[in-house]
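> what follows is a protein structure lacking sequence information:
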């Protein structure tokens, strides 16, 4: 299926971005996963929540998963606290038969669940108490991305088995780390297959004949540096990698394939600012390079066009004449604000047109900035309406 077929009817005027039909995307029963990615501060979390709410109130059974450690999603959905367990959102209009749950990735708990599901109770307890495991599951670079892949795979498998959800909306971390989870299978494989880990696991699980003179020297040196107990803990942990985490690599690769499937749609969220649009270009090119199904881009928080069509230069000239005559300072100030707004609109349109020129096939919807923060379902519904109407 082509990108245009996936996102529904699109405009095709030369020099104008094709129009993203958000409702067509959400209503399509073959759309099972929507992944929102983008740099920080562009309203990505709010966009994810608004899409999830709109889909639920249009009849979909939705769960929205945030990987972003910020708590704004819980606040906007009226939930006191989000955790690793999906929680129903109260106040959703279920007239159309839909529902909405929300959850936030708990990195350590997800890692613990993998251990508990793959090992006997005794072996699981030994691993969970191992200091190297505690460090890896809590703060090791890349663990959040690994666990995001694991949790997404778990939710999808449960949804298919139990019929709990027919749409998963994923809110990724801000900035370029939002796409680090695409590298999770390869990075995990490199970690598990590293030479040092292979070296360390040999004494723990191999016969004594594997303890060559060279390996014995390395182990002896490490014992002097780290201490016998630390070395034992490390060897025990590494030995558990094969038996407990061997299937994790395969599951991460399966989830990666799921992200490439036709039922998945990536949305890049940006703001009409130079830095945010540069990040958006990176996301678009990276997704295209990895063969990920890009549905389109949301240009968020755009300056609303003034109701009056008085050109900015004429408004500026009129304000200058009033100030020169020292007449009606209020009118002069309003004309100046009008001119400034038009200038902002034109600047943002120019930036967006440059992106479109570089990526003419990326469907886009532009959402005007709201006068205040979104902090409840009413605000999310308004954002959803703007997303649908452009």
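Thanks, I have the structure now. This is a predicted model, so every value here is computed, not measured.

> please count neighbours and contacts with C-alpha atoms only from this point.
Noted.

> now the residue nearest the centre of the chain: how far from residue 339?
The centroid of the chain falls nearest to residue 172 when counting by CA atoms, centre = their mean (1.7 Å). Residue 172 sits 37 Å away from residue 339 when distances are taken as CA to CA, to the nearest Å.

> residue 127 reaches residue 137, doesn't it?
No - checked against CA atoms under 8 Å, the pair residue 127 and residue 137 is beyond contact range at 11.0 Å.

> residue 27: what's it in contact with?
55, 58, 60 (CA atoms under 8 Å, 6 or more residues apart in numbering).

> and for residue 167?
31-34, 60-63 are the contacts of residue 167 under CA under 8 Å, 6+ apart.

> at 6 Å what do you get?
32-33, 62 (CA atoms under 6 Å, 6 or more residues apart in numbering).

> ok so, going back, how far away is the residue nearest to the centre of the chain from residue 291?
The value you get for residue 172 to residue 291, if CA to CA is used, is 18 Å.

> phi first, then psi, for the residue nearest to residue 345 when sequence neighbours are not counted.
Leaving aside its chain neighbours, residue 345 sits nearest to residue 303 (5.7 Å; criterion: CA to CA, 6 or more residues apart in numbering). Backbone torsions for residue 303, taken as degrees, to the nearest 10, come to phi -70, psi 120.

> and residue 303, how many residues sit next to it?
21 (other CA atoms under 10 Å).

> which parts of the stretch 151-300 of the chain are strands?
Ranges of strands within the stretch 151-300 of the chain are 167-171, 264-270, 294-302, based on DSSP state E, counting those that start in this stretch.

> contact partners for residue 65?
Counting by CA under 6 Å, 6+ apart, residue 65 has contacts 103-104, 170.

> reformat those residues as CSV; add pLDDT, neighbour count and distance to residue 370.
Shown next, in CSV, are the contacts of residue 65 (pLDDT from 0 to 100; neighbours: other CA atoms under 10 Å; distance: CA to CA, whole Å):
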residue, pLDDT, neighbour count, distance to residue 370
103, 89, 22, 26
104, 84, 24, 26
170, 92, 26, 23
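
> wait, residue 37 sits on residue 270?
No - between residue 37 and residue 270 there is no contact under CA atoms under 6 Å: 8.8 Å.

> now do the contacts for residue 183.
Here residue 183 is in contact with no residue (CA under 6 Å, 6+ apart).

> one more time with 10 Å, if that's ok
142, 145-146, 149, 252-253, 256 (CA atoms under 10 Å, 6 or more residues apart in numbering).

> out of those residues, who has the most neighbours?
Neighbour max across the contacts of residue 183 (other CA under 10 Å) = residue 252, 27 neighbours.

> quickly note the distance from residue 147 to residue 273.
32 Å.

> what touches both of residue 127 and residue 137?
residue 112.

> re the thing from before, which one of residue 147 and residue 273 has more residues nearby?
Neighbour tally, residue 147 and residue 273, criterion other CA under 10 Å: the higher count belongs to residue 147, 25 against 16.

> how close does that one sit to residue 116?
Residue 147 is 15 Å from residue 116, by CA to CA.

> and if you look at residue 304?
52 Å.

> does residue 361 touch residue 18 like I think?
Yes - here residue 361 reaches residue 18: they are 6.7 Å apart, a contact under CA atoms under 10 Å.
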